[in-house]
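A structural model of the following input is requested.
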Amino acid sequence: MKKIILAILIALTACSPDAEIIIETVNITDNQILDGTESIGTGGIYYIDSSVTWTNDRIWIMNGKVVVREGGVLSIEEGTIIKAQNGQGVEATALVIAAGATINALGSFNDPIIFTDVGDSIDYTHEAISPNRKATDTGKWGGIIILGNAVVGEDGGRDDIEGIAAGYSWTAYGGDDDLDSSGTISYVSIRHSGTQLAGGDEIQGLTLAGVGSETELSNIEVVGSNDDGIEIFGGAAVLTNILILNQRDDAIDLDEGYRGTITNAVIVMGSSSDNPFEIDGTEDSTGAITGSFTINDITVYAHDNPESGKNFLGDWKSSATGLTNNVLYKNVDGLVFKGIDINTYNSEELLFSNINIVTQLPLINFFTRTNISNYSNWSQTVESAEEQNGADESVFNWTLWGSLK
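Numbers count the residues shown, from 1 in each chain. Down below sits the predicted model:
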């Protein structure tokens with residue numbers, strides 16, 4: 001963390017022109033110079049309509065739905081800690097970047113931006129590691145939601161994000177601009193999120209809806225989401241270097257004809273995690289709006305002792321279309337692929353390549369729930385992880401997972 005130098009001048013003989021001056025250099029840590037905390041919102045909905053900056057000289061406390069509306073810009077300095085009040089249900093705290101708004105959250109390898117909950121005792125003295133929260137702590141607040149104007153596979157090409165609020169224009173997403181930009185998120189850790197709002201509506205660690213390809217999304221960690229790690233509704237967002245740890249539902253959930261690319265991700269399943277991938281196709285009933293995703297270079301670690309009915313290897317369903325390439329599965333003996341859509345698979349709209357499973361078991365053991373027979377054309381068992389397979393894990397040393405390895 002940053003340090004500033006304070007020079008203290010001490011005059012030993014104040015009245016003498018020949019007095020000896022001693023200059024003492026004192027290191028003062030961020031925590032000592034913190035201007036306390038600063039609260040954003042008081043519950044309910046808090047709007048940001050101008051350009052504001054959250055600085056790393058204090059801890060920011062979000063309370064309620066903090067919404068950056070169209071035209072607004074939220075900038076967050078590297079190393080900043082943001083905590084969310086832990087209201088549950090409709091009172092859950094969340095950060096929403098509306099379509100036409102911008103977020104610029106630029107952390108760094110040594111000073112990532114951290115989003116966590118108000119019960120987390122972490123401060124600027126802890127080097128990004130909480131003194132009290134565990135990676136398995138989930139559902140303490142909502143999460144981050146980014147909405148955009150890219151193409152969405154939904155009737156009419158637009159939709160409203162689920163569960164946040166009703167009757168507001170800022171909940172809408174979708175359009176015709178796949179090059180839309182919502183800003184930048186880089187070196188950001190999102191922790192202990194995913195609380196349920198009501199009736200099966202949850203907020204994920206990170207939700208992207210109608211987000212365009214000019215949005216820069218890289219070096220993102222999601223830890224302990226009570227629902228999905230990252231869920232993407234349509235759009236053409238491009239994500240690189242993603243780490244998802246201990247989510248309760250799916251790590252990467254794609255819906256509404258997502259047509260972007262996800263490259264280089266590590267997924268570390270918890271005992272109650274469902275899938276590393278849950279992928280659906282378009283929801284446009286006319287079939288006019290389609291999408292084809294690309295997933296490249298992923299390493300999946302299953303849990304040592306998963307709960308019954310948990311830790312599947314992936315579910316490609318509901319007319320999913322796209323390519324899943326270079327996935328390395330580790331620690332998966334006894335697990336199976338949950339499903340592969342037979343229709344899009346047979347039509348070659350759903351493709352797989354270079355799927356490697358570290359095991360000594362027969363390959364067929366992992367495909368007992370699927371209806372396909374030629375999986376050996378693109379998958380194989382390997383005795384050990386080969387360097388060229390899966391993700392480049394060296395880029396994740398900045399994450400909480402990297403520090404725990």
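
could you pull out the helices for the stretch 1-150 of the chain?
According to DSSP state H, counting those that start in this stretch, the stretch 1-150 of the chain carries its helices in the segments 30-33.

show me where it dips below the pLDDT cut-off.
Residues of the stretch 1-150 of the chain that meet the criterion pLDDT under 70 lie in 1-35.

apply 50 and report the result again.
Residue ranges of the stretch 1-150 of the chain with pLDDT under 50: 1-34.

which stretches in it count as strands?
Applying DSSP state E, counting those that start in this stretch to the stretch 1-150 of the chain gives strands spanning 4-11, 21-28, 37-40, 45-48, 51-54, 59-62, 65-68, 73-76, 81-84, 94-97, 102-106, 113-117, 143-147.

who does the fifth one touch, helix- and strand-wise?
Going back to what we said before, that points to strand 51-54. Packing contacts for strand 51-54, counted by 3 or more Cβ pairs under 8 Å, 6 or more residues apart in numbering; DSSP states H and E, involve strand 73-76. (Each C-beta comes from the backbone N, C-alpha and C, glycine too.)

domains of the protein?
The chain resolves into domains spanning 1-33, 36-404 when parsed by automatic domain parsing.

and Leu106, bridged to which residues?
For Leu106, the beta-bridge partners under DSSP bridges are Ser186.

Gly183 is in contact with that one, correct?
No - the criterion here is Cβ atoms under 8 Å, and Leu106 misses it with Gly183 at 9.4 Å.

what about Thr80, distance to Ser181?
Distance check for Thr80 against Ser181: by Cβ to Cβ, to the nearest Å, it reads 22 Å.

so which of those two has more stuff around it?
Comparing Thr80 with Ser181 by other Cβ atoms under 10 Å, the one with more neighbours is Thr80, at 25 against 16.

gap between the nearest residue to that one once chain neighbours are set aside and Gly107?
Spatially, and ignoring its direct neighbours in sequence, Thr80 is nearest to Asn56 (4.4 Å; Cβ to Cβ, 6 or more residues apart in numbering). Applying Cβ to Cβ, the value for Asn56 to Gly107 is 10 Å.

between those two, which contacts overlap?
Both Asn56 and Gly107 are contacted by Glu78, Gly79, Thr80, under the criterion Cβ atoms under 8 Å, 6 or more residues apart in numbering.

contacts only, for the first one.
Contacts for Glu78 (Cβ under 8 Å, 6+ apart) come out as Asn56, Leu106, Gly107, Ser108, Asp111, Pro112, Ile113, Tyr187.

quick one, phi psi at the fifth one?
When you say that, I think you mean Asp111. Per-residue torsions, Asp111: phi -140, psi 70 (degrees, to the nearest 10).

how close does it get to Ile40?
21 Å.

run a quick neighbour tally on Asn377.
10.

actually Asn343, not the one I wrote
What Asn343 shows, counting by other Cβ under 10 Å, is a neighbour count of 12.

in three-state terms, label it for me.
When classified by DSSP: H, G, I helix; E, B strand; the rest coil, Asn343 comes out as helix.

tell me the contacts of it?
Ser319.

what about it, distance to Glu154?
20 Å.

follow-up on the earlier one: make CSV out of the contacts of Glu78 and add distance to Ala302 and neighbour count.
What follows is those, written out as CSV (distance: Cβ to Cβ, whole Å; neighbours: other Cβ atoms under 10 Å):
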residue, distance to Ala302, neighbour count
Asn56, 37, 20
Leu106, 33, 19
Gly107, 29, 24
Ser108, 31, 14
Asp111, 32, 20
Pro112, 26, 23
Ile113, 29, 24
Tyr187, 27, 23
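
mind listing the strands for the stretch 151-300 of the chain?
Under DSSP E, counting those that start in this stretch, the stretch 151-300 of the chain gives strands at 159-160, 172-173, 183-191, 196-198, 201-202, 206-209, 216-223, 230-233, 238-245, 252-255, 261-268, 277-279, 293-301.

quick one: list the elements packing against the second one.
It stands for strand 172-173. Looks like strand 172-173 contacts strand 159-160 (3+ Cβ pairs under 8 Å, 6+ apart).

neighbouring strands for the strand it packs on, and are they parallel or not?
Strand 159-160 has these strand partners (DSSP bridges): strand 172-173 (antiparallel).

contacts for the strand it pairs with, please.
Strand 172-173 has contacts (Cβ under 8 Å, 6+ apart) with 99, 147-149, 152, 158-161, 209-210, 233-235.

got a quick PyMOL command for the buried subset of those residues?
Only the buried entries of these go into this PyMOL selection, using 16 or more other Cβ atoms under 10 Å:
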select buried, resi 99+147+148+149+152+159+160+161+209+210+233+234+235
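
from the contacts of strand 172-173, which single one is nearest Asn86?
Asn86 lies nearest to Ile161 out of those, by Cβ to Cβ, at 21.1 Å.

so the closest one touches Gly143, yeah?
No - using Cβ under 8 Å, Ile161 and Gly143 do not qualify as a contacting pair, with a distance of 11.3 Å.

please enumerate the shared neighbours of these two.
Thr207.

surely Val52 touches Leu74?
Yes - assessed by Cβ under 8 Å, Val52 is found in contact with Leu74 at 6.0 Å.

neighbour count: the two, which is higher?
Using other Cβ under 10 Å as the criterion, Val52 and Leu74 rank with Leu74 on top: 21 against 13.

give the buried residues for stretch 315-323.
Neighbour-count burial for stretch 315-323 [16+ other Cβ under 10 Å]: Asp315, Trp316, Lys317, Ser318, Ser319, Ala320, Thr321, Gly322.

quick one: that stretch to chain centroid distance?
21 Å (Cα atoms, centre = their mean, to the nearest Å).

how about stretch 344-356?
From the chain centre to the centre of stretch 344-356 is a distance of 26 Å (Cα atoms, centre = their mean).

quote the end-to-end distance of it.
22 Å (Cα to Cα, to the nearest Å).

hmm, back to that, among the strands of the stretch 151-300 of the chain, which is nearest Thr370?
Smallest distance to Thr370 across these (Cβ to Cβ): 13.7 Å, for strand 277-279.

in terms of secondary structure, what does that closest one contact?
Right, strand 277-279 is packed against strand 252-255, strand 315-316 by 3+ Cβ pairs under 8 Å, 6+ apart.
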